[in-house]
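**Q** What follows is a protein structure lacking sequence information:
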């Protein structure tokens, strides 16, 4: 378990890359992507060899008003189909369902009626029992499932080991280590990776990593945890995602040696669509305020507010964070 | 040698942080910093506990016209003194001397007549004999010395092992692993770190790391190689440095646990001076074009040109790089 799996030159066929641009990036623009953007991103993912594309959340329409968000907050079957048709490709389609914020018993079709392949259940560590109920429900419906345990840098060792023990006995396919606050360093990210990998040994389950870039470590943590055996890797184009964003897909595909991945199409997409998005005022990515919340292992909400107010008084911001530690 | 030295919670007293903002950052603005900027950066370094501040190059005034550059290309004794006086602080002062581009026999005073503490000799691997001549000369004069072997990702194993063997028999104090092209990943950076560390075992010499951020790995590679025993760590404020820049000082000081380092003063400096520098049009930092040269393990010059032309056609740029591989 302490040894690296594969080398910098080798191909690991267990690796799966998931593009979460619409889902995590949607948190930057309230899911207001044009249909052209989503269609072209889908085509890009097919061409560049990505394994999964996450279209967004399946959020409760009872809890959230549809008119307040773009459609990818809700990922209705007909909206996904309007982009992918019957999805006659090798790219699999994922959606995210948050524990407590989705009507899972009414909003999901049986797999054989849906183009969705995988449902990713996101929860905090105290919600594991609720997550398991959803996972088993989605598994019954015929979907691949993941459990994305968020904010893992704030969970304690006992909680985590119990959560992993519980999950290892379910039908979940992939358990994700999610560094929501971007506060992990390669060293402790890899230690955590080993805990997850040990917990699922001999179960056939896989471990995934979802990084945030608060300390400019999203890509580094992704490839380092990968080198110890993590195989499901989340990324977004140009790292587009909440606050400091995620691991950039172009960095990850550049790194991976499997010839099925092709960086060229990501570059094409960046120049045609991402640059415009930034020019239109959508903001994300590493900045000093995110470094500070990441360092202090806390939710980036104060840094996001600092960004939206266009503040530049980092030292005052740091003082305030320390005062409210 | 395979074990990490210290932990994420501990203080390592062998760690030295060197601020290279003026020297590497000077490559972004032709060394045209105001005296106020340099004076305040010096004060910042004193307050935030940095161990060394590199003021610039000691470039040959026969080879380079003084009027073509800011004064930190030449680091005359009187110019440094105009900022630091007698430097009555714990902060040590470094300058860089490039092999073949400096008049070392005429441009250096004996240490007892100079406020400079350390001379860093930069060379490519085939210049090691010339570097050693300079190192021994500076050592004789009374300075601390380093040898910064640049572009190490292009050196072969035999060259490197011979270079390290030769250097281990000199009076050099620190040997630097320099990832000039930002093409190392944490995994191979750490393997290289182990090679360097083995070579100087029991000699009392230290190993340093100088990172570039082409693949957004400058900070990650710095702390990862550090964890295996590298102790001299280069950083620049906001990563200011050629092309994609360096390891950001604020990330590094946030990470280090020694209470002598104080992040607050770096934040103060950023808000007061660095933001203005960027507004004035000085450009550096991670961008897609640097990822591409880093990935292909080559000099960033084409990416720097791409940047200065404000090009956005990444896919064409990538094609051209591949054609000229």
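**A** Thanks, I have it. On a predicted model such as this, the values are computed, not experimentally measured, just so you know.
**Q** Distance check, residue A:83 against residue B:190.
**A** Distance of residue A:83 to residue B:190, given as CB to CB, to the nearest Å: 42 Å. From N, CA and C alone the C-beta is placed, and that goes for glycine too.
**Q** quick one, which of those two is more surrounded?
**A** residue B:190 (23 against 20; other CB atoms under 10 Å in any protein chain shown).
**Q** Quick check: that one is in a strand.
**A** No. Residue B:190 sits outside any strand when classified using DSSP: H, G, I helix; E, B strand; the rest coil, being helix.
**Q** which residues touch it?
**A** Going by CB atoms under 8 Å, 6 or more residues apart in numbering or on different chains, residue B:190 touches B:224-225, B:228.
**Q** Just the pLDDT for residue A:3.
**A** Residue A:3 is assigned 85 on the pLDDT scale.
**Q** before we move on, the earlier item: please go through the contacts of residue B:190 and note which also touch chain A.
**A** Taking CB under 8 Å from any CB of the partner chain as the test, chain A is in contact with residue B:224 out of these.
**Q** Top of the contacts of residue B:190 by number of neighbours, please.
**A** In the contacts of residue B:190, the most neighbours by other CB under 10 Å go to residue B:225, 28 neighbours.
**Q** any chance you could map the helices in chain A?
**A** Along chain A, counting by DSSP state H, helices occupy A:21-29, A:35-48, A:77-84, A:104-107, A:128-141, A:157-168, A:186-200, A:218-227, A:249-255, A:263-269, A:275-279, A:288-295, A:301-308, A:314-323.
**Q** want to try CSV for these, with distance to residue B:93 and mean pLDDT as columns?
**A** Output for these, formatted as CSV (distance: least, CB to CB, whole Å; pLDDT from 0 to 100):
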stretch, distance to residue B:93, mean pLDDT
helix A:21-29, 44, 98
helix A:35-48, 49, 98
helix A:77-84, 60, 98
helix A:104-107, 63, 97
helix A:128-141, 55, 98
helix A:157-168, 46, 96
helix A:186-200, 32, 96
helix A:218-227, 32, 98
helix A:249-255, 36, 98
helix A:263-269, 43, 98
helix A:275-279, 40, 96
helix A:288-295, 27, 97
helix A:301-308, 35, 96
helix A:314-323, 26, 96
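**Q** circling back to that earlier point, ok, so of the contacts of residue B:190, who is nearest chain A?
**A** Comparing the contacts of residue B:190 against chain A with CB to the nearest CB places residue B:224 closest, at 5.5 Å.
**Q** quick one on the thing from earlier: got TSV for the helices of chain A, with distance to residue B:185 too?
**A** What follows is the helices of chain A, written out as TSV (distance: least, CB to CB, whole Å):
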stretch	distance to residue B:185
helix A:21-29	24
helix A:35-48	20
helix A:77-84	34
helix A:104-107	40
helix A:128-141	33
helix A:157-168	28
helix A:186-200	11
helix A:218-227	6
helix A:249-255	7
helix A:263-269	16
helix A:275-279	27
helix A:288-295	21
helix A:301-308	28
helix A:314-323	30
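**Q** Tell me which of those helices sits nearest to residue B:26.
**A** helix A:288-295 (21.8 Å; CB to CB).
**Q** Now do the closest one against helix B:218-227, angle only.
**A** Angle between the axes of helix A:288-295 and helix B:218-227 is 40 degrees (criterion: axes from the mean of the first three to the mean of the last three CA atoms, to 10 degrees).
**Q** list the helices and strands helix A:288-295 packs on?
**A** helix A:301-308, helix A:314-323, helix B:249-255 (3 or more CB pairs under 8 Å, 6 or more residues apart in numbering or on different chains; DSSP states H and E).
**Q** which residues are contacting it?
**A** Here helix A:288-295 has contacts from A:181-183, A:212-216, A:243-244, A:299-300, A:302-303, A:306-307, A:311, A:314, A:317-318, A:321, B:238, B:248, B:250-251, B:254-255, B:267, B:270, using CB under 8 Å, 6+ apart.
**Q** List the residues that contact residue A:180.
**A** Contacts of residue A:180 by CB under 8 Å, 6+ apart are A:150-153, A:212, A:299.
**Q** Which members of the residues you listed are the farthest-apart pair?
**A** Largest pairwise distance in the contacts of residue A:180, by CB to CB, is 13.1 Å, between A:152 and A:299.
**Q** who has more neighbours, the two?
**A** Set side by side, residue A:152 and residue A:299 show more neighbours around residue A:152, with 25 against 13, by other CB under 10 Å.
**Q** Residue A:177 is in contact with the more buried one, correct?
**A** Yes. Counting by CB atoms under 8 Å, residue A:177 is a contact partner of residue A:152 at 5.8 Å.
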